[in-house]
Every structure is written in C-alpha cells, then in structure tokens.
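quick one, what's the 3D model for this:
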Amino acid sequence: MVYKIFYLISLLPLRVLYGFSDVLSFLAYYVVRYRRKIVWQNLTTSFPEKSPKEIKTIEKRFYRWFTDYFFEAIKLLSISEKELNRRFTITNSDEIEYCMSHGQNVAAILGHYCNWEWLSCAGKDLPKNRMIGLIYHPLYNKAFDDLFCRIRSHESNSKPIPKQDILRQLITNKRDGTMSFFGYISDQAPKWENIHCWLPFLNHDTPVFTGGEKIMRRMNDAVYYAELTRPRRGYYSLTYKLITKQPNELPEFEITRRFFRMLEETIRHEPAYYLWSHNRWKRTHEEFNRRFEIVNGKVVPKKEPAKKQ
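Residues are numbered from 1 along each chain as shown. Model (predicted):
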C-alpha cells in the first residue's frame with residue numbers, strides 16, 4: 001500500500017511535486033522546527049568565518065533542498081528515461097567502464113550531499129551486464145524499506161545491497177565473473193566501537209568510517225569520488241574523480257583522507273546541499289580517549305581502576 005501511494009504521487013510532474021515540497025519546507029522550518037538547533041550548531045561550527053546572516057541564508061536553503069530531496073527520490077519510481085537523461089548527466093562513465101572492461105571492479109565513494117538517491121541511476125550510461133551495487137542500511141519499517149529499495153532499483157542493473165551482505169555479494173560476483181560498480185556513502189558518524197581514524201573535516205576533529213576502505217583494498221578496486229552537484233532545481237550532475245587504481249599501494253586510511261578532503265571542497269562550494277540535520281559531531285575525540293582504548297586493533301572500553309580495599 002505504501003508503495004502504491006508513493007508511486008501514484010511520483011506520476012505527478014516535478015513542478016507539482018516542488019509545490020508540495022515548498023509547503024513541507026515551510027512547515028519543517030517554521031512550524032515543526034525540525035532539528036533547527038542541530039542544523040544551526042553544525043553550520044556555525046563548520047563555518048566560523050561566516051556571519052549569522054550568511055548562516056541563516058544557508059540554513060533556509062538547506063530546508064528547501066531537504067524537502068526537495070524526498071520528492072525527487074519519489075520521482076525515481078516512475079521517471080522516464082528521456083526525462084532522467086535530461087535532468088541527470090554523468091561525466092567520466094567511460095573511465096568506469098574502462099576499468100571494468102580491463103578486469104578491475106570499481107568503488108565509488110560519496111557523501112550525503114545533493115540527492116544521493118540519484119546515484120542509483122548511475123548504471124544508465126553503463127552496459128546492462130555490469131552490476132551497480134547500492135549499499136544501504138535496512139530501515140526498521142519494512143514498508144518504507146521496500147519503498148526505498150524500489151527507488152534504488154530504477155535501472156535494471158541496479159541492486160540495493162544491505163551493508164551486512166557487501167562482502168558476500170562481491171565474492172559471489174567474483175566467482176560468477178560479474179563486473180561491478182559499488183557505491184559507498186561513507187561520511188556518517190561511526191559507532192564508538194568502529195572508530196579507528198579521526199580526520200579534520202569542516203572545522204571539526206571528526207571520527208570517520210574506514211570499513212569501506214578495507215573492502216576496497218581487499219577487492220583491489222579502482223576507487224573514485226562520486227561528486228554530485230545541483231546546477232539548478234530538478235537537475236543533477238555526477239562526475240567521477242579518480243582517487244586511486246592501486247588501493248593497496250597507499251598508506252592506511254589514505255583513501256578515506258582523500259575522500260573527505262574532496263567532499264569538503266564540494267560542500268564549501270555550495271553548502272546548502274549537505275545533510276546538516278544529521279548530528280554528525282556528537283562523538284568527540286576527548287570522550288573517546290576518556291572512555292575507550294585500542295587493543296590489538298579493536299576498540300574496547302577502558303577498564304576502571306581497581307578500588308582500594
């Protein structure tokens with residue numbers, strides 16, 4: 001039922017959907033005040049050089065884009081190939097295909113910037129026998145989990161992959177001789193036990209995921225940064241920028257470092273399209289050092305000193 005409702009909504013022209021988005025944006029910002037404190041804190045600490053007026057402008061533009069994101073994602077349920085090709089352009093797909101045609105699988109690393117759901121359409125410029133793996137965290141609500149899996153399956157060669165099944169799918173692909181292109185959204189906050197690296201990112205000492213890099217090294221993938229930009233409302237451009245074709249020749253965490261530098265450059269160029277409502281910096285280095293230590297490569301809670309008898 002959930003899918004049927006949103007499919008019917010997706011049949012409306014984008015200009016109508018943007019009308020709904022404008023109303024929802026107004027409600028989210030002025031009435032519900034959805035995560036206003038988190039958004040403001042993230043923006044002011046990320047851009048201390050900007051004035052309150054500049055931050056306010058970015059904040060309002062963020063909320064307008066944030067509700068656009070939802071309706072643009074829903075539109076993927078029914079968008080025609082003609083309209084998709086007009087609204088979504090991809091640069092350097094030939095480099096991705098070159099790697100795969102020469103026997104090297106490809107990993108694209110990206111952040112929660114612009115409409116990342118549209119990466120599910122990356123396969124439109126690639127041969128249909130290439131698997132486009134879209135890694136995701138399954139939602140607790142089964143109806144909405146199914147909805148987003150359908151959104152991410154717009155192209156016939158796109159396959160949503162639950163994050164716990166990544167290695168299993170990659171090994172299966174290797175056994176079957178299927179060349180693949182996997183997308184890793186890698187900028188979210190890791191849990192305490194998964195923090196192995198801290199990097200400077202948007203004026204913060206930031207804990208970062210490194211699991212994706214470990215998989216890329218293990219599979220010897222060619223690694224590209226997938227840079228999404230939004231030239232204007234309703235239009236996106238995707239550009240693949242090479243990070244490395246020899247992941248195991250780089251120092252540990254270097255792929256992750258390069259990714260975050262490139263992502264920050266993208267965000268600073270147009271800040272409004274980043275996911276500022278996410279409480280990205282809730283885990284601090286100071287608290288980590290106070291509560292945890294790394295033993296044999298694993299993050300474990302520090303033992304409390306034994307009490308004197």
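
can you show me the helices along the stretch 101-250 of the chain?
Remark: helices assigned in the stretch 101-250 of the chain by DSSP state H, counting those that start in this stretch are 142-151, 166-176, 211-219.

can you put these in TSV and add distance to residue 131, mean neighbour count and mean pLDDT?
Glycine gets a C-beta too; all of them are placed from N, C-alpha and C. Converted to TSV, these look like this (distance: least, C-beta to C-beta, whole Å; neighbours: other C-beta atoms under 10 Å; pLDDT from 0 to 100):
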stretch	distance to residue 131	mean neighbour count	mean pLDDT
helix 142-151	15	16	88
helix 166-176	6	14	90
helix 211-219	13	19	94
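
distance to residue 202 for those - can I get that in JSON lines?
Output for the helices of the stretch 101-250 of the chain, formatted as JSON lines (distance: least, C-beta to C-beta, whole Å):
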{"stretch": "helix 142-151", "distance to residue 202": "27"}
{"stretch": "helix 166-176", "distance to residue 202": "27"}
{"stretch": "helix 211-219", "distance to residue 202": "19"}
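
so for residue 250, which of those helices sits nearest?
helix 211-219 (8.5 Å; C-beta to C-beta).

which outside residues touch that closest one?
Helix 211-219 is contacted from outside by 105, 107, 109, 166-167, 170, 174, 184, 186, 194, 221, 223, 247-248, 253, 255-256, using C-beta atoms under 8 Å, 6 or more residues apart in numbering.

so which of those residues are in strands?
Cross-referencing those against strands under DSSP state E gives 107, 109, 184, 223.

quick check: of those residues, which lies closest to residue 291?
Using C-beta to C-beta, those come closest to residue 291 at residue 184, 27.8 Å.

once you drop chain neighbours, what's closest to that closest one?
residue 212 (4.1 Å; C-beta to C-beta, 6 or more residues apart in numbering).

from residue 45, how far off is the one you found?
26 Å (C-beta to C-beta, to the nearest Å).

how about residue 33?
19 Å.

one more: residue 275?
In terms of C-beta to C-beta, residue 275 sits 15 Å off from residue 45.

buried set for stretch 149-158?
For stretch 149-158, the neighbour count (16 or more other C-beta atoms under 10 Å) marks 149, 151, 152, 153, 154, 155, 157, 158 as buried.

for the first one, list the residues it contacts.
Taking C-beta under 8 Å, 6+ apart, we find residue 149 in contact with 136, 160.

just the pLDDT for the closest residue to residue 130 other than its chain neighbours.
Nearest non-adjacent residue to residue 130, counting by C-beta to C-beta, 6+ apart: residue 179, 5.5 Å away. What the model reports for residue 179 is a pLDDT of 95.

wait, residue 79 touches residue 151, no?
No - Residue 79 is beyond contact range of residue 151, at 10.4 Å (criterion: C-beta atoms under 8 Å).

which residues touch residue 139?
145, 148.

same check, this time on residue 271
So residue 271 contacts 43, 46, 47, 58, 62 (C-beta under 8 Å, 6+ apart).

now for the residue nearest to the last one when sequence neighbours are not counted: which residues touch it?
Read that as residue 62. The shortest distance from residue 62 to any non-neighbouring residue, by C-beta to C-beta, 6+ apart, is to residue 272 (4.9 Å). Contacts for residue 272 (C-beta under 8 Å, 6+ apart) come out as 58, 61, 62, 64, 65.

quick revisit: show me which of the contacts of residue 271 is closest to residue 11.
Using C-beta to C-beta, the contacts of residue 271 come closest to residue 11 at residue 62, 27.9 Å.

SS state for that closest one?
Here residue 62 is recorded as helix under DSSP: H, G, I helix; E, B strand; the rest coil.

I figured it hits residue 39, correct?
Yes - the pair residue 62 / residue 39 is scored as a contact, 6.5 Å apart, by C-beta under 8 Å.
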